[in-house]
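Enquirer: quick one, structure for this:
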Amino acid sequence: MFDDAVLTPRHPKWPDFCAVLHDRLTTTTGGCDGTFGQARALLKAIGMDVDASLLFYRQHGAGCDCELLMNVEQAVQCEAVRWN
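Expert: The predicted structure is shown next:
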């Protein structure tokens, strides 16, 4: 189960969020600037709890937009394996 307001890898919007974030980082903005600027804007645009989502990402190894894409889903999968 997931909290509908927090965008995590278990949320149904996660794949689309990651695809758009990846697209923005690779084509639109010229890359990651070391912040969650793009993620913050996307989360707000789709009505998610921005602060709670960013806290989740920080707790799962991300400190910026590109680290969100590289680390968060893998960290969640590792946690699931540890607890099963």
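
Enquirer: quick one, what contacts residue 34?
Expert: 63-64 (C-beta atoms under 8 Å, 6 or more residues apart in numbering). All C-beta spots, glycine's among them, are computed from the backbone N, C-alpha and C.

Enquirer: mind checking pLDDT for it?
Expert: Per-residue confidence (pLDDT) for residue 34: 95.

Enquirer: do residue 31 as well
Expert: pLDDT at residue 31 comes out at 87.

Enquirer: that one: how many residues sit nearby?
Expert: Here the number of neighbours of residue 31 (other C-beta atoms under 10 Å) works out to 11.

Enquirer: for it, which non-adjacent residue is spatially closest?
Expert: Excluding the flanking residues, the one nearest residue 31 by C-beta to C-beta, 6 or more residues apart in numbering is residue 25, at 6.1 Å.

Enquirer: then residue 37?
Expert: Closest residue to residue 37 apart from its sequence neighbours, by C-beta to C-beta, 6+ apart: residue 65 at 6.8 Å.

Enquirer: wait, doesn't the one you found sit right on residue 23?
Expert: No. Using C-beta atoms under 8 Å as the test, residue 65 is too far from residue 23 to be in contact (11.7 Å).

Enquirer: neighbour count winner among the two?
Expert: Neighbour tally, residue 65 and residue 23, criterion other C-beta under 10 Å: the higher count belongs to residue 65, 26 against 12.

Enquirer: what sits against that one?
Expert: By C-beta under 8 Å, 6+ apart, the contact list for residue 65 reads 21, 25, 32-33, 35-39.

Enquirer: try residue 67
Expert: By C-beta under 8 Å, 6+ apart, the residues touching residue 67 are 32, 61.

Enquirer: please report the distance of it from residue 59.
Expert: When distance is defined by C-beta to C-beta, to the nearest Å, residue 67 is 12 Å away from residue 59.

Enquirer: what does residue 33 give?
Expert: Distance, residue 33 to residue 59, by C-beta to C-beta: 22 Å.
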